[in-house]
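Novice: below are the sequence and a predicted model for it; my questions follow.
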Amino acid sequence: MHSSLRDVTGKSVLVGIIEPQRLFAPFLTQLLSEFGFSVVTTLETMSLDDIGRNEPDLVFVDIDFLEIEPIVAIGQLHRVVPRATICAYTGRNDAAWAAECSAAGANCVISKGATPQEIILGVQHALSAGTFIDSRFVKTEI
Amino acid sequence: MLAAITNRTLIIESQALFAKALAQVLALDPSIQVVGDADVISEAVVRSTRPDLILIDIDGNATDLVETVQTARTAAPNVKVCALSMHVQPDVMQRCLNAGVDGFIVKDVTPNEFMRAIKSVAGGETYVDPRIAGRLLRRRTNNNRYPDPADLSGREVEVVRLIVAGMSNKEISANLHLSEKTIKNHVSRIFTKFNCTARTQAAVFALRSGIA
């Protein structure tokens, strides 16, 4: 277990998770918690009310199985929590898709091919540098 | 005393984190041993791990499912194959069963339900998500029943009788003094109610159900 992860102001990094795959949601929560993130909500569906109420610093969203268009979902999240880092987690490994997600407001795009360690590094990079795109997307052709 | 390991399980999962997650859930049951995980299936992986059961996440798997099952069974003829998917759709499950899988699990189940499903398949039973199985059965029942004459309006009964008589839409429109477009609409509604796509099918259904 890592100690609580804090941002530059010393505040714990609050995380909201949206993972429609119920079987896997607990593991995302567990992974992020183990690396010091404070998971404030884990949702199976896009609940903007819940996300808005919890005001997470990071929204980690599996965009592959949402009930609405992923690009629309990212835009909505960005509007509800404009200061949060939106991390889109996707199995579609192509550069054009990553670029679309980024343009819609995702500061961070992580491939489902990423190992747990790579996911954490990606998220940490996005939080500190403002943006992160998984190299798996960069390697594909647009 | 340690429980004997009865099921060697191989995980095929393109999502690296979820492969670990599945292994962690399966590890809770002492009778299951996860013998490996891979993002795609290959004969080499199956031969080297000698699984009794292969769990495949079909959502991120670009390989054809029939081919996947064939690959598994070529390397391990008696292996059980269980598909894992996010899709709660009868068509997807039917495709999996046609491909030869022994189980179909939807990813929105709880870990307990997941384990029950895995153990059923490992025990030699076929497992399908009960929600989808119910839908599939209802659909088959609906497909198999002959249409009830009461399903059709009076005008639709007239139209279908003229279809049985071999008339074209133009001929029916002249016969009933209606526009051809109106007849087309009636025919389309009859197709929907009969769940068919051709005039001959509609005619056969009408004859069998005593409408014509």
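Specialist: Received, thanks. Residues are numbered from 1 along each chain as shown, chains lettered A, B, ... in the order given.
Novice: how far away is the residue most central in space within chain B from residue B:104?
Specialist: Centroid-nearest residue in chain B: residue B:94, 2.1 Å away (criterion: C-alpha atoms, centre = their mean). To residue B:104, residue B:94 is 9 Å away according to C-beta to C-beta, to the nearest Å. Every C-beta, even on glycine, is put in place using the N, C-alpha and C of the backbone.
Novice: also residue B:212?
Specialist: From residue B:212 over to residue B:104 the distance is 41 Å, taken as C-beta to C-beta.
Novice: and these two? Which one has more around it.
Specialist: residue B:104 (25 against 18; other C-beta atoms under 10 Å in any protein chain shown).
Novice: that one - that's part of a strand, no?
Specialist: Yes: assessed with DSSP: H, G, I helix; E, B strand; the rest coil, residue B:104 lies in a strand.
Novice: pull the contacting residues for it.
Specialist: By C-beta atoms under 8 Å, 6 or more residues apart in numbering or on different chains, the contact list for residue B:104 reads B:82, B:83, B:85, B:93, B:96, B:97, B:127, B:128, B:129, B:132.
Novice: right, is stretch A:47-65 up against chain B?
Specialist: Yes: using C-beta under 8 Å from any C-beta of the partner chain, stretch A:47-65 reaches chain B at A:64, A:65.
Novice: now the terminal residues of that stretch, how far apart.
Specialist: Length of stretch A:47-65, first residue to last, C-alpha to C-alpha, to the nearest Å: 14 Å.
Novice: next one: the most far-flung residue of chain B relative to its centre from chain A, what distance?
Specialist: In terms of distance from the mean C-alpha position of chain B, residue B:177 ranks first, at 44.8 Å (C-alpha atoms, centre = their mean). Between residue B:177 and chain A the computed distance is 48 Å (C-beta to the nearest C-beta, to the nearest Å).
Novice: distance-wise, check that residue relative to residue B:184.
Specialist: For residue B:177, the distance to residue B:184 - C-beta to C-beta - is 16 Å.
Novice: quick one: residue B:53 and residue B:82 touch, right?
Specialist: Yes: the criterion here is C-beta atoms under 8 Å, and residue B:53 meets it with residue B:82 at 6.4 Å.
Novice: identify the contacts common to the two.
Specialist: B:118, B:121.
Novice: counting by contacts, list what the least confident helix or strand in chain A by mean pLDDT packs against.
Specialist: Taking mean pLDDT, DSSP states H and E as the measure, the helix or strand of chain A with the lowest value is helix A:135-138, at a mean of 86. Here helix A:135-138 touches helix A:95-104, strand A:108-111, going by 3 or more C-beta pairs under 8 Å, 6 or more residues apart in numbering or on different chains; DSSP states H and E.
Novice: so can I have TSV of these showing mean pLDDT, distance to chain B and mean neighbour count?
Specialist: Shown next, in TSV, are the helices and strands packed on helix A:135-138 (pLDDT from 0 to 100; distance: least, C-beta to the nearest C-beta, whole Å; neighbours: other C-beta atoms under 10 Å in any protein chain shown):
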stretch	mean pLDDT	distance to chain B	mean neighbour count
helix A:95-104	94	14	18
strand A:108-111	96	9	26
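Novice: okay if I get the ones you listed as CSV plus distance to residue B:48?
Specialist: Below are the helices and strands packed on helix A:135-138 laid out as CSV (distance: least, C-beta to C-beta, whole Å):
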stretch, distance to residue B:48
helix A:95-104, 34
strand A:108-111, 26
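Novice: sorry, back to before: out of the contacts of residue B:104, which is most surrounded?
Specialist: Most neighbours among the contacts of residue B:104, by other C-beta under 10 Å: residue B:83, with 29 neighbours.
Novice: my hunch is that it is in a strand, does that hold up?
Specialist: Yes: assigned with three-state DSSP, residue B:83 falls within a strand.
Novice: which residues does it contact?
Specialist: Residue B:83 makes contact with B:56, B:58, B:65, B:96, B:101, B:103, B:104, B:105 under the criterion C-beta under 8 Å, 6+ apart.
Novice: 7 Å instead, please
Specialist: Residues in contact with residue B:83 (C-beta atoms under 7 Å, 6 or more residues apart in numbering or on different chains) are B:56, B:58, B:96, B:101, B:103, B:104.
Novice: between those residues, which is nearest chain A?
Specialist: residue B:58 (11.8 Å; C-beta to the nearest C-beta).
Novice: state the pLDDT value of that closest one.
Specialist: On pLDDT, residue B:58 comes in at 91.
Novice: and for residue B:77?
Specialist: pLDDT, residue B:77: 93.
Novice: from chain A, how far off is it?
Specialist: Distance of residue B:77 to chain A, given as C-beta to the nearest C-beta: 29 Å.
Novice: number of nearby residues for that residue?
Specialist: Neighbour count of residue B:77, defined by other C-beta under 10 Å: 7.
Novice: what segments of the chain are helices?
Specialist: Assuming you mean chain A. Secondary structure of chain A (DSSP state H): helices located at A:25-34, A:48-54, A:70-80, A:95-104, A:116-129, A:135-138.
Novice: that's the wrong chain, I wanted chain B
Specialist: Secondary structure of chain B, counting by DSSP H: helices at B:16-26, B:43-49, B:65-75, B:90-99, B:111-122, B:130-144, B:154-164, B:169-176, B:180-194, B:199-208.
Novice: and the third one, what's buried?
Specialist: The reference is to helix B:65-75. For helix B:65-75, a neighbour-count test (16 or more other C-beta atoms under 10 Å in any protein chain shown) marks B:65, B:68, B:69, B:71, B:72, B:75 as buried.
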